[in-house]
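Asker: requesting a structural model of the entry that follows:
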Amino acid sequence: MKAHQRIIREKKSTEQSGDLFGNYWESLDVDITKSEVRAIDYKTAKKIILEYEWLGTMGTTQFHYGLYFDGNLAGVTCFGYFQAMNTNSGGHPYAPYVGVEHAKNGIQLSRGACVHWAHEHSGSKLISQSLKFMNEKGYKYAIAFSDPEAGEIGTLYQATNWYYLGFAKSNHYDVYTTTGQLYMNDRDFHKKHGFSGKEKLDAWVKDKPHLCIRLRKAKGRYIFLMGTKKDRKEMWKVLQHKVKPYPKRV
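Answerer: Below you'll find the model as predicted:
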């Protein structure tokens with residue numbers, strides 16, 4: 001199964017821009033060594049995420065970075081709050097992976113996508129440089145997820161040397177449209193409406209025939225260690241026995 005983003009890129013590569021001047025990207029210099037990664041705002045990142053990303057939402061993102069060729073935006077990464085919501089094992093969901101001392105200094109790579117005309121290594125460069133920016137901000141590790149439902153196995157995370165932690169199971173229910181698009185995840189729903197849980201969500205969507213709820217399926221979870229050499233050594237001591245072999249595409 002191809003990843004959702006690859007399918008979208010292949011489809012768009014065959015489309016015409018409709019512009020009188022043709023497809024503008026055909027004249028761009030997409031030499032990866034000449035590309036630039038820099039901070040961008042939420043609104044700029046949203047344009048690409050909504051067009052290419054599987055979930056079709058921006059989530060709770062705080063930091064956004066863009067990859068540019070000749071001043072043209074070719075990809076974005078978005079970092080934000082953790083999806084994990086329990087507070088077991090040392091008061092933080094990732095204390096069992098990096099230790100209590102470092103657990104609160106993490107960030108999640110929540111969204112990311114590249115346009116169809118970007119260089120084939122754009123995703124790797126964008127993620128690698130974005131992580132350097134996160135490191136400069138003081139974060140010690142990053143978490144990311146691959147969604148099998150979107151055909152993802154975490155290819156770019158493997159290419160940029162993240163560690164694979166296996167599947168992250170969930171008992172959370174998200175709200176979807178009946179056409180399959182995510183309407184609101186359970187965390188955002190709880191913030192807006194003040195309740196969550198299957199029974200209450202069932203009652204809420206009962207008179208909304210265009211909406212339904214779905215159990216959030218297990219996703220592959222990856223972690224990337226940052227900080228100083230000492231930080232990484234301390235985190236690795238806790239993490240090393242939880243690392244699993246990379247999944248492969250069948």
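Asker: show me the helices in this structure, by range?
Answerer: 4-13, 42-52, 88-91, 95-98, 100-103, 122-136, 155-159, 186-193, 198-205, 229-239 (DSSP state H).
Asker: how about stretch 164-180, which residues are buried there?
Answerer: Neighbour counts using 16 or more other C-beta atoms under 10 Å place 164-165, 167-168, 170, 172-176 of stretch 164-180 among the buried residues. C-beta coordinates here come from the backbone N, C-alpha and C atoms, glycine included.
Asker: and the furthest pair within the residues you listed?
Answerer: The largest separation in these, counting by C-beta to C-beta, is between Y164 and V175 at 29.3 Å.
Asker: what stretches of this protein score poorly on pLDDT?
Answerer: Where the chain drops to pLDDT under 70, the residues are 1-22, 24-25, 54-58, 83-91, 150.
Asker: for P247, state which of the buried residues of stretch 164-180 is nearest.
Answerer: Y164 (6.9 Å).
Asker: let's have the helices of the chain in a markdown table, adding mean neighbour count.
Answerer: Conversion of the helices of the chain to a markdown table gives the following (neighbours: other C-beta atoms under 10 Å):
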| stretch | mean neighbour count |
| --- | --- |
| helix 4-13 | 15 |
| helix 42-52 | 17 |
| helix 88-91 | 12 |
| helix 95-98 | 21 |
| helix 100-103 | 18 |
| helix 122-136 | 20 |
| helix 155-159 | 19 |
| helix 186-193 | 15 |
| helix 198-205 | 14 |
| helix 229-239 | 15 |
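Asker: wait, which of the ones you listed is closest to R216?
Answerer: R216 lies closest to helix 186-193 among the helices of the chain, at 7.4 Å (C-beta to C-beta).
Asker: in PDB, list the C-alpha atoms belonging to the closest one.
Answerer: Output in PDB follows, covering the C-alpha atoms of helix 186-193 (Å, rounded to 0.1, in the frame of the first residue of the first chain):
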ATOM      1  CA  ASP A 186     -10.800  13.800  21.200                       C
ATOM      2  CA  ARG A 187      -8.500  16.200  22.900                       C
ATOM      3  CA  ASP A 188      -9.700  19.200  20.900                       C
ATOM      4  CA  PHE A 189     -13.300  18.000  21.300                       C
ATOM      5  CA  HIS A 190     -12.900  17.900  25.100                       C
ATOM      6  CA  LYS A 191     -11.400  21.400  25.200                       C
ATOM      7  CA  LYS A 192     -14.300  22.700  23.200                       C
ATOM      8  CA  HIS A 193     -17.200  20.800  24.600                       C
END
